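**Student:** please find the sequence and the predicted model below.
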Amino acid sequence: MKKGRAFSLLSGGLDSLLATRLIMDQGIEVVALHFITPFFGYQKKGQEARYQERWKRLYGVQARIIDVGDEYLRVVRSPRYGYGRNFNPCIDCKVFLFSRARELMEEEKRDFLISGEVLGQRPMSQRRDAMRIVERDSGTEGVLLRPLCAQHLKPTRAETEGLVDRDKLLAITGRGRKPQMELAEKMGIRHYPTPAGGCLLTDPELADRFRKIFQQSPLITVEDILFLQVGRHFRLSGGQHLVVGRREEENKRLMELFREGDTLLRVQGIPGPLGLLRGPAEEKDLRLASSVLARYSKAKDQEKAEVQYGNKRDEFSGRIRVSPAGEEEISSLRF
């Protein structure tokens, strides 16, 4: 049998890992492509070498991490096939990622692509008709091999040309996980991620925020999406956006997301959340933002709280005394 070279699409979950290993075990040279966007996988940004080393050490898989965040925002804004239950454009997502993988496959003269999809596992994107749409629109018909459910699908070029032994491919279908877990045990794969998925577009609370910002803003950046993922969010009457940290790590993240024109707020003398106000702020806006911040601090039961504010990191030059906001006011401002 001829030996070939392939790319696999590695989501980070068990299925794509198993599919990669199944083809590697047939003597094919496989490099796994792990695409990241601000909605999934972005914690790996800047730490690519560490994650790639971990995949190699734990699973024997050579991987590349590729940031496609800026392009992906266009997919989210206007998906041809619509959204899932929340704000997840699952079919368009696969079309986009498989198209990018095909382009790389052609550039580097690899023979085929590998996906960990299982027929019937996902209600929107892993139906038979949806799988065919993805192949057609991404230009991957005949070159996209799904090893875990290949016995239920037409043979691909890699199989008909003898690069891959079809008899060693599987016939898994449906939402159950037992066959995959048994295969992982057989392959000696442990410490793999749970199958819950990591796409923030499927999270109901975050999806609602994302939907609102896309409806309200003609231009969205990766930084905007990262900003929406941190803390409690409020929209003031003048259009300013207030974020209140919930934990110490979120306070640190807000410091990192601070940019020129923002205002930082903290309750004086009381450990608690940091607030970040984005947008031009007059005194009435600062008062409102400060009262919201006080409501989420240990000063929430006090008649008055003193809040410090400033327009530079770690420099709180202004002070304002406010009453903590009531629940009705808080509810009207939630974003």
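**Tutor:** In hand now; what should we look at?
**Student:** what's the burial count for A289?
**Tutor:** 29 (other CB atoms under 10 Å). Every residue, glycine included, has its C-beta placed from N, CA and C.
**Student:** tell me if I'm right that it and G275 touch.
**Tutor:** Yes. Counting by CB atoms under 8 Å, A289 touches G275, with 6.1 Å between them.
**Student:** list the residues that contact both of those two?
**Tutor:** L242, L265 (CB atoms under 8 Å, 6 or more residues apart in numbering).
**Student:** next one: phi and psi at the residue nearest the centre of the chain?
**Tutor:** Nearest to the centroid of the C-alpha atoms of the chain, with distances taken as CA atoms, centre = their mean, sits F40, at 1.6 Å. Per-residue torsions, F40: phi -160, psi 140 (degrees, to the nearest 10).
**Student:** pLDDT value on it, please?
**Tutor:** We have a pLDDT of 96 for F40.
**Student:** so it sits right up against C199, yeah?
**Tutor:** Yes. F40 sits in contact with C199 when judged by CB under 8 Å, with a separation of 4.7 Å.
**Student:** residues contacting the closest residue to Q302 other than its chain neighbours?
**Tutor:** Residue nearest to Q302 in three dimensions, not counting chain neighbours: P324, with 6.9 Å by CB to CB, 6 or more residues apart in numbering. The neighbourhood of P324, defined by CB under 8 Å, 6+ apart, consists of S291, A294, R295, S297, A299, K300, D301, Q302, A305.
**Student:** same question, F96
**Tutor:** Residues near F96 by CB under 8 Å, 6+ apart: V68, E71, Y72, V75, S138.
**Student:** go again using 10 Å as the cut-off
**Tutor:** Each residue near F96 by CB atoms under 10 Å, 6 or more residues apart in numbering is listed here: 35, 37, 68, 71-72, 74-76, 79, 89, 134, 137-138.
**Student:** for those, pick the one with the most neighbours.
**Tutor:** V134 (27 neighbours).
**Student:** distance of that one from R102?
**Tutor:** Noted for V134: a distance of 11 Å to R102, by CB to CB, to the nearest Å.
**Student:** need the overlap of contacts for the two.
**Tutor:** By CB under 10 Å, 6+ apart, V134 and R102 have these common neighbours: T140, L144.
**Student:** and the next helix or strand past the helix of greatest length in the chain?
**Tutor:** When the chain is parsed with DSSP state H, its longest helix is helix 90-107. Tracing the chain past helix 90-107, the next element assigned as helix or strand by DSSP states H and E is strand 112-114.
**Student:** what's the angle from the next helix or strand after that next one to helix 90-107?
**Tutor:** Using DSSP H and E, the helix or strand that follows strand 112-114 in sequence is helix 128-138. Interaxial angle of helix 128-138 relative to helix 90-107 (axes from the mean of the first three to the mean of the last three CA atoms, to 10 degrees): 40 degrees.
**Student:** elements contacting helix 128-138?
**Tutor:** For helix 128-138, the packing partners by 3 or more CB pairs under 10 Å, 6 or more residues apart in numbering; DSSP states H and E come out as helix 90-107, strand 144-145.
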